[in-house]
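**Q** build me a structure from this.
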Amino acid sequence: MVLDRGKLKKLLKEKGVKSLDDFNAFMRGVSKDVIETLLEEELTDHLGFEKYDQKAKAIDNSRNGYTPKTVKSNFGRNDSRFAETSTTP
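**A** Model (predicted):
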């Protein structure tokens, strides 16, 4: 995926990115959002239904809150919340 330079410049300006430190902070936030979104979608795929879907009431395996985790990346540490599942035997 390639971003249009004009759009990228506009985005960086809107977010106040003026230095490498600003860029790292911005990317830390972006990477946190991307990781959380990917894991939520993976869980949705695994369970077979969307969050808040009424199908969840009909099966034993469902979302069961969140667990805080720290993810280390090239942009620094991110404190994130990861969804958990529960399976009733």
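
**Q** below-threshold pLDDT in the protein: ranges please.
**A** 1, 52, 54-64, 84-89 (pLDDT under 70).

**Q** cutoff 80 now
**A** 1-3, 47-66, 81-89 (pLDDT under 80).

**Q** tell me where this structure has strands.
**A** Here the chain has its strands, by DSSP state E, at 62-73, 76-86.

**Q** just put the ones you listed in CSV and tack on distance to Gly6.
**A** Any C-beta I mention is one placed from the backbone N, CA and C, and that applies to glycine too. Output for those, formatted as CSV (distance: least, CB to CB, whole Å):
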stretch, distance to Gly6
strand 62-73, 27
strand 76-86, 28
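
**Q** closest to Val17 out of these?
**A** strand 76-86 (15.1 Å; CB to CB).

**Q** next one: the closest one to chain centre, how far?
**A** Distance, stretch centre to chain centre, for strand 76-86: 8 Å (CA atoms, centre = their mean, to the nearest Å).

**Q** just the buried positions in it, please.
**A** For strand 76-86, the neighbour count (16 or more other CB atoms under 10 Å) marks Asn78, Ser80, Ala83 as buried.

**Q** I'd say the second one and Ser31 touch.
**A** No. Between Ser80 and Ser31 no contact is recorded; they are 9.6 Å apart, counting by CB atoms under 8 Å.

**Q** identify the contacts common to the two.
**A** Val71 (CB atoms under 8 Å, 6 or more residues apart in numbering).

**Q** pull the longest helix from this protein.
**A** For the chain, the longest helix by residue count, based on DSSP state H, is helix 20-47.

**Q** which ones are touching the most centrally placed residue in the chain?
**A** The chain has Glu36 as the residue nearest its centroid, 1.9 Å off, counting by CA atoms, centre = their mean. Under the criterion of CB under 8 Å, 6+ apart, the contact list for Glu36 reads Ser80, Arg81, Phe82.
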